[in-house]
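> this one's sequence-less:
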C-alpha cells in the first residue's frame, strides 16, 4: 500500500501541522476530537472539517478496538497539510490488516467506520512502516483556502 510520501499535491511539500499520542482507551476518542477542534480553529478551512472530525474518530476507534497488542502501547495521530489538502494518519503497533469494510447489520451500532472513510475521503489506505505496526490514513482535498509558506504553498 501507499507510504507517507505518496498521494500528495504535486509541487507541495507536506507540512506536519499536528501530532497526538493517545492511550488505547475509549476516553481517547473524545480527547482526539477535542484536540482536533483546537487544532482546526487556527486553520483556513473552506470545507471538510466535519468530515475530517468524523473520519478521525472512526479511525482512532478502530485502532483502540481492534489492535491486538501485548504490553503498553499508544495510538499516534499525525496531521499533514499539503497545499489545500489534509492527510490524517492513525498509527497503531498491530501490523494486522484492518477488516476492510465488513457489512454491518442494521441493528449494529458499529462496523461502518471504513465505509465512512471510503465514502468521504478523497483517498485513503493502509501503510506498514517497517517494524512499526500499521498506519491507516485518509486524505481530504481542497479543505484549505489559502496558501501556506513563503514559497506560495
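Nice, I can see it. Values in this document were obtained by computation on a predicted structure and should not be read as measured data.
> how about the strands in the protein?
Counting by DSSP state E, the chain has strands at residues 15-22, 75-82, 85-92, 123-127, 134-140.
> Against which helices or strands is the fourth one packed?
If I follow you right, that is strand 123-127. strand 134-140 (3 or more C-beta pairs under 8 Å, 6 or more residues apart in numbering; DSSP states H and E). All C-beta atoms are positioned from the backbone trio N, CA, C, and that covers glycine.
> Just want the angle from the strand it packs on to strand 123-127.
Here the directions of strand 134-140 and strand 123-127 differ by 170 degrees (axes from the mean of the first three to the mean of the last three C-alpha atoms, to 10 degrees).
> Name every strand pairing with strand 134-140 and say which way it goes.
strand 85-92 (antiparallel), strand 123-127 (antiparallel) (DSSP bridges).
> dump the residue contacts of residue 14.
8, 80, 81, 82, 87 (C-beta atoms under 8 Å, 6 or more residues apart in numbering).
> so the last one touches residue 56, yeah?
No: with contacts defined as C-beta atoms under 8 Å, residue 87 does not count as touching residue 56, sitting 11.6 Å away.
> Neighbour count: the two, which is higher?
Legend: neighbour count by other C-beta atoms under 10 Å for residue 87 and residue 56, higher for residue 87 (25 against 22).
> Pairing partners for that one in the sheet, please.
Bridge pairing for residue 87 - DSSP bridges - gives residue 80, residue 139.
> let's have the chain start at 57 instead
Yes, from this point I'll number from 57; that puts the last item at residue 143.
> Report the separation between the residue sitting nearest the centre point of the chain and residue 135.
The centre of the chain sits closest to residue 144, judged by C-alpha atoms, centre = their mean, with a distance of 3.3 Å. Noted for residue 144: a distance of 6 Å to residue 135, by C-beta to C-beta, to the nearest Å.
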